[in-house]
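>>> A predicted structure for the sequence below; I have some questions about it.
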Amino acid sequence: MPRCVACGSQETEPVETWQGYRLRRCRVCGLTFTENPRYRVNDYQALYRGEEEAAPLPEAWQFVYQAPVRALANEALAWWVPTPWLSAAERAALAWLRKHAPPGSRLLDIGCGAGRFLRAARKAGFDAVGMEVDPSLVALLRRAGLPAFVGALPDAWTWQGPPPWAVTLFEVLEHFPDPAPPIAALRERFPQAVVLASVPSPFRPERVLWNERYPYDYPPNHYLRWTPEALRRFFRRMGYPRVEVLLPPPLGSEHTRIQLALMRWFARLQSGPLPSAERLPQHPGVGLRAWATVSALATKGMEVALNFVLAPWAWWAARQGASALSMLTIAYPSPGP
């Protein structure tokens, strides 16, 4: 019987088969893991480059990755960019850092994607640096004024300067078939860093209210489905003596069906090849920069509007037992306060 990749238990059971992938659940910690994964970093590079056939998602669902890239390209051209649209887990992480991290602390955002949290952390006064697997996405992040470098755990990667005070991994751990090697490498490289990691919550509205699971929550995109207990046991096994798991209440902007519809609409509105740093004009005209600025402001305005208009829905969803889309883990490098 395959061992659980979170707690190491052999008490597992088969639960589902999806397009040839066999999923098992641990009876001890509740983690659902993929028994026969096929993990390749290049698959995620394909998503950011628009190489549809090599990507780990069907073409109809690749907008989940590509819409944020198109938004990042607008930010690279805009005169001014507001604080990005953040999930409840990202908001909770930023609030925790503001309360506990020394002002101006260096943060490493691994798997920073289109740079949402990276930009928000820098606006909050932190010296945040991003890491991503795709060189073209890193070039676009830099064009948008966000410091980032190419790297992937647990492989060797370049880090310059003093070690970070904290490391963040938002929506990263569910993509690893076995998260132990990358987190062990992280623990060894930065033994004093606090780790803040978010993963999809098993109590998110789409599961509690509608019993829905979308294609992006299956292999070969998501290999793991975490539970709070699995996160606690895993990080303790990785050498973090104190682990907290937060389940923030849902936000109005986290109404999954509306959020996916908006992302799909935005991806279609910005049709054509995925933008890259090389394709963006070096000297954009006033009209293009104005349009990019309006687009960035409209995205923020949509977040604010959804959180206001759908606040009653979010309150009702929480009353039904739903949490935010993601839960946040805070893993401390020492047992002290």
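Structure's in. What do you need?

>>> how close does Pro102 get to Gly20?
Using C-beta to C-beta, to the nearest Å, Pro102 is found at 49 Å from Gly20. For every residue, glycine as well, the C-beta is placed using N, CA and C.

>>> pLDDT weak spots in the stretch 1-150 of the chain?
Judged by pLDDT under 70, the stretch 1-150 of the chain has its weakly predicted residues at 1.

>>> okay, helices next: where are they in it?
41-49, 63-77, 88-100, 116-123, 135-143 (DSSP state H, counting those that start in this stretch).

>>> nearest to Ala296, of these?
Between Ala296 and the helices of the stretch 1-150 of the chain, the tightest spacing by C-beta to C-beta is seen for helix 63-77, at 5.6 Å.

>>> contacts for the closest one next, please.
47-48, 50, 55, 57, 81, 113-116, 119, 137, 140-141, 143-145, 216, 260, 263-264, 266-268, 270, 274-275, 277, 280-281, 284, 288-289, 291-292, 295-296, 299 (C-beta atoms under 8 Å, 6 or more residues apart in numbering).

>>> what angle sits between that helix and helix 135-143?
Using axes from the mean of the first three to the mean of the last three C-alpha atoms, to 10 degrees, the direction of helix 63-77 lies 40 degrees away from that of helix 135-143.

>>> strands of this protein, residue ranges please.
Assigned strands in the chain, in chain order: 12-18, 21-26, 32-34, 106-110, 127-132, 148-150, 166-170, 194-200, 224-225, 242-246, 326-332 (criterion: DSSP state E).

>>> can you lay out those as a markdown table showing distance to Leu186 and mean neighbour count?
Shown next, in a markdown table, are these (distance: least, C-beta to C-beta, whole Å; neighbours: other C-beta atoms under 10 Å):
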| stretch | distance to Leu186 | mean neighbour count |
| --- | --- | --- |
| strand 12-18 | 26 | 13 |
| strand 21-26 | 23 | 19 |
| strand 32-34 | 20 | 23 |
| strand 106-110 | 8 | 24 |
| strand 127-132 | 11 | 24 |
| strand 148-150 | 15 | 18 |
| strand 166-170 | 6 | 25 |
| strand 194-200 | 7 | 25 |
| strand 224-225 | 17 | 23 |
| strand 242-246 | 15 | 18 |
| strand 326-332 | 10 | 23 |
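
>>> reformat those strands as TSV; add distance to His255.
Shown next, in TSV, are those (distance: least, C-beta to C-beta, whole Å):
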stretch	distance to His255
strand 12-18	25
strand 21-26	27
strand 32-34	25
strand 106-110	26
strand 127-132	28
strand 148-150	30
strand 166-170	20
strand 194-200	15
strand 224-225	21
strand 242-246	20
strand 326-332	14
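
>>> and the ones you listed: which comes nearest Pro312?
strand 326-332 (21.8 Å).

>>> that older thread, buried subset of the contacts of helix 63-77?
The neighbour-count criterion (16 or more other C-beta atoms under 10 Å) marks 47-48, 50, 55, 57, 81, 113-116, 119, 137, 140-141, 143-144, 216, 260, 263, 266-267, 270, 274-275, 277, 280, 289, 292, 295-296, 299 among the contacts of helix 63-77 as buried.

>>> residues in contact with Pro56?
Here Pro56 is in contact with 43-44, 46-47, 219-221 (C-beta under 8 Å, 6+ apart).

>>> one more: Ser136?
Taking C-beta under 8 Å, 6+ apart, we find Ser136 in contact with 45, 48-49, 276-277.

>>> which one of those is nearest to Thr34?
Closest to Thr34, out of all of the contacts of Ser136 and judged by C-beta to C-beta, is Gln45, at 20.4 Å.

>>> you'd agree the closest one is up against Glu132?
No: using C-beta atoms under 8 Å as the test, Gln45 is too far from Glu132 to be in contact (9.4 Å).

>>> and the pLDDT at Glu244?
You'll see Glu244 listed with a pLDDT of 97.

>>> state the phi and psi torsions of the closest residue to Val208 other than its chain neighbours.
Nearest residue to Val208, sequence neighbours excluded (C-beta to C-beta, 6 or more residues apart in numbering): Ala322, at 4.2 Å. When read as degrees, to the nearest 10, the backbone of Ala322 gives phi -80, psi 150.

>>> pull the CA atoms of stretch 51-70 into PDB?
Output of stretch 51-70 as PDB, limited to C-alpha atoms (Å, rounded to 0.1, in the frame of the first residue of the first chain):
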ATOM      1  CA  GLU A  51       1.600  25.800 -25.600                       C
ATOM      2  CA  GLU A  52      -1.800  24.200 -25.300                       C
ATOM      3  CA  GLU A  53      -1.000  20.500 -26.100                       C
ATOM      4  CA  ALA A  54       1.700  20.200 -23.500                       C
ATOM      5  CA  ALA A  55      -0.200  22.000 -20.700                       C
ATOM      6  CA  PRO A  56      -1.600  20.000 -17.700                       C
ATOM      7  CA  LEU A  57      -5.100  21.400 -18.200                       C
ATOM      8  CA  PRO A  58      -7.600  21.000 -21.000                       C
ATOM      9  CA  GLU A  59      -7.700  24.000 -23.400                       C
ATOM     10  CA  ALA A  60     -11.100  25.100 -22.200                       C
ATOM     11  CA  TRP A  61      -9.600  25.600 -18.600                       C
ATOM     12  CA  GLN A  62      -6.200  27.100 -19.400                       C
ATOM     13  CA  PHE A  63      -7.700  30.600 -18.900                       C
ATOM     14  CA  VAL A  64      -7.200  30.000 -15.100                       C
ATOM     15  CA  TYR A  65      -3.500  30.500 -15.700                       C
ATOM     16  CA  GLN A  66      -3.500  32.700 -18.800                       C
ATOM     17  CA  ALA A  67      -6.000  35.400 -17.600                       C
ATOM     18  CA  PRO A  68      -3.600  36.500 -14.800                       C
ATOM     19  CA  VAL A  69      -0.700  36.600 -17.300                       C
ATOM     20  CA  ARG A  70      -2.700  39.000 -19.500                       C
END
